[in-house]
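Novice: This is the structure alone, sequence omitted:
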């Protein structure tokens with residue numbers, strides 16, 4: 001059995017993923033979920049910039065990542081969580097969410113994280129079948145992109 005935790009558990013103390021990785025390691029965790037769950041882990045951070053790989057390199061350097069293993073700290077990223085979003089409501093934030101989600105996929109690929117959890121969407125006033133249909137349409141828009149980067153999308157409940 002692999003006992004894991006998410007970096008999200010440490011973000012209330014510090015939003016710096018490197019610090020959170022250190023703390024998780026100090027707590028004895030060897031398997032981690034890289035959490036992009038809140039948009040503020042990307043929006044307004046170096047991960048949103050064109051130079052996002054330089055930021056990821058700092059994480060890799062700090063952890064001495066070889067493939068997906070953080071040798072110095074003895075931890076491995078087993079999955080990541082994408083930000084929550086209201087992607088079934090195609091308002092002014094829709095394109096921003098898709099852009100951020102694609103950046104999460106790129107980050108996972110760069111860090112060799114094979115699995116990205118994306119929470120399904122929900123929209124008030126529609127029945128279950130319409131909800132399923134809209135979710136399927138959305139997920140189909142990102143699956144090819146994720147496949148090209150060798151990242152599996154894991155759909156999780158809303």
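Specialist: Thanks, I have it. Predicted, not measured: the structure shown is a model, and the values here were computed from it. Residues are numbered from 1 along each chain as shown.

Novice: where does the protein have its least confident helix or strand?
Specialist: Taking mean pLDDT, DSSP states H and E as the measure, the helices and strands of the chain show their lowest mean at strand 65-66, namely a mean of 37.

Novice: Please identify the buried residues of the helix or strand residue 57 falls within?
Specialist: Mapping residue 57 onto the secondary structure by DSSP states H and E places it in helix 52-63. If you call a residue buried by 16 or more other Cβ atoms under 10 Å, then helix 52-63 has these buried ones: 52, 55-56, 59-60, 62-63. Every residue, glycine included, has its C-beta placed from N, CA and C.

Novice: And stretch 98-115, by the same measure?
Specialist: Of the residues in stretch 98-115, those buried (16+ other Cβ under 10 Å) are 98, 100-109, 111-114.

Novice: In those residues, find the pair that's most separated.
Specialist: 98 and 112 (23.3 Å; Cβ to Cβ).

Novice: now the helices: where do they sit in the chain?
Specialist: The residue ranges that make up the helices of the chain, judged by DSSP state H, are 8-11, 17-26, 52-63, 94-111, 128-148.

Novice: Compare the ones you listed and give me the one nearest residue 82.
Specialist: When the helices of the chain are compared for distance to residue 82 using Cβ to Cβ, the nearest one is helix 94-111, at 4.9 Å.

Novice: Can you name the residues in contact with that closest one?
Specialist: Taking contacts as Cβ atoms under 8 Å, 6 or more residues apart in numbering, the residues outside helix 94-111 that touch it are 34, 36, 39, 42-43, 47-48, 52-53, 56, 59-60, 65, 68, 77, 80, 82-83, 85-87, 113-116, 118, 141-142, 145-146, 149-151.
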